[in-house]
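A.B. asks: Following is a predicted model, sequence given first.
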Amino acid sequence: MNVLFVCIENSNRSQMAEGFARHHGGTGVLAMSSGSRPSGRVNPKAIAAMAEKGIDISGHESIELDQLPNLHWDWVVTMGCGDECPFIDADNRADWALQDPRDLEGEEFNAVRDDIERRVIKLLNMRFNR
């Protein structure tokens with residue numbers, strides 16, 4: 001399963017989704033993330049929030065869509081970025097209307113993180129019929 005998570009800055013939501021998909025999907029999932037206007041860095045708050053879950057995303061990069069490899073995408077999931085997210089061809093599409101946690105702190109940030117994890121697990125369960 002090839003899944004791409006897209007948000008505007010590729011620094012929080014899509015990075016966490018990529019991390020959860022890799023963690024929960026194992027070798028059966030190729031997960032990547034990208035942004036329509038990437039910030040160029042992963043937010044340290046996202047790195048710390050994921051570390052609390054035992055997932056290391058400190059090596060992730062914030063990249064533009066044109067930096068992605070030319071792959072067939074089974075799923076493209078946008079993160080509530082509306083018109084800012086361009087169309088990317090895929091077998092399946094979803095838009096998760098998620099609040100950008102960039103300016104949130106503590107439990108509010110973690111609530112978005114936990115929502116992303118639930119959604120990623122649900123997506124993977126659909127694929128693997130768990």
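C.D. replies: That came in fine, so what should we check first?

A.B. asks: in this structure, which helix or strand is least confident?
C.D. replies: Taking mean pLDDT, DSSP states H and E as the measure, the helix or strand of the chain with the lowest value is strand 92-95, at a mean of 90.

A.B. asks: Just give the strands next to that strand in its sheet, each with its orientation.
C.D. replies: Sheet pairing for strand 92-95, assigned by DSSP bridges, gives strand 75-78 (parallel).

A.B. asks: what's next to the strand it pairs with, contact-wise?
C.D. replies: 1-7, 17, 85, 88-96, 123, 127 (CB atoms under 8 Å, 6 or more residues apart in numbering). Where C-beta positions appear, they are placed from N, C-alpha and C, glycine not excepted.

A.B. asks: Distance check, the residue nearest to the spatial centre of the chain against residue 40.
C.D. replies: In the chain, the C-alpha nearest the mean C-alpha coordinate belongs to residue 14, at 2.5 Å (CA atoms, centre = their mean). As judged by CB to CB, to the nearest Å, residue 14 and residue 40 stand 14 Å apart.

A.B. asks: quick one: pLDDT of the closest residue to residue 52 other than its chain neighbours?
C.D. replies: Leaving aside its chain neighbours, residue 52 sits nearest to residue 110 (7.4 Å; criterion: CB to CB, 6 or more residues apart in numbering). If you check residue 110, the pLDDT there is 96.

A.B. asks: any idea which helix or strand carries residue 110?
C.D. replies: Residue 110 belongs to helix 106-128 when assigned by DSSP states H and E.

A.B. asks: Now do that helix: which elements does it pack against?
C.D. replies: Secondary-structure packing of helix 106-128 (3 or more CB pairs under 8 Å, 6 or more residues apart in numbering; DSSP states H and E): helix 13-25, helix 44-51, strand 75-78.

A.B. asks: What angle do helix 106-128 and the first one make with each other?
C.D. replies: Interaxial angle of helix 13-25 relative to helix 106-128 (axes from the mean of the first three to the mean of the last three CA atoms, to 10 degrees): 50 degrees.
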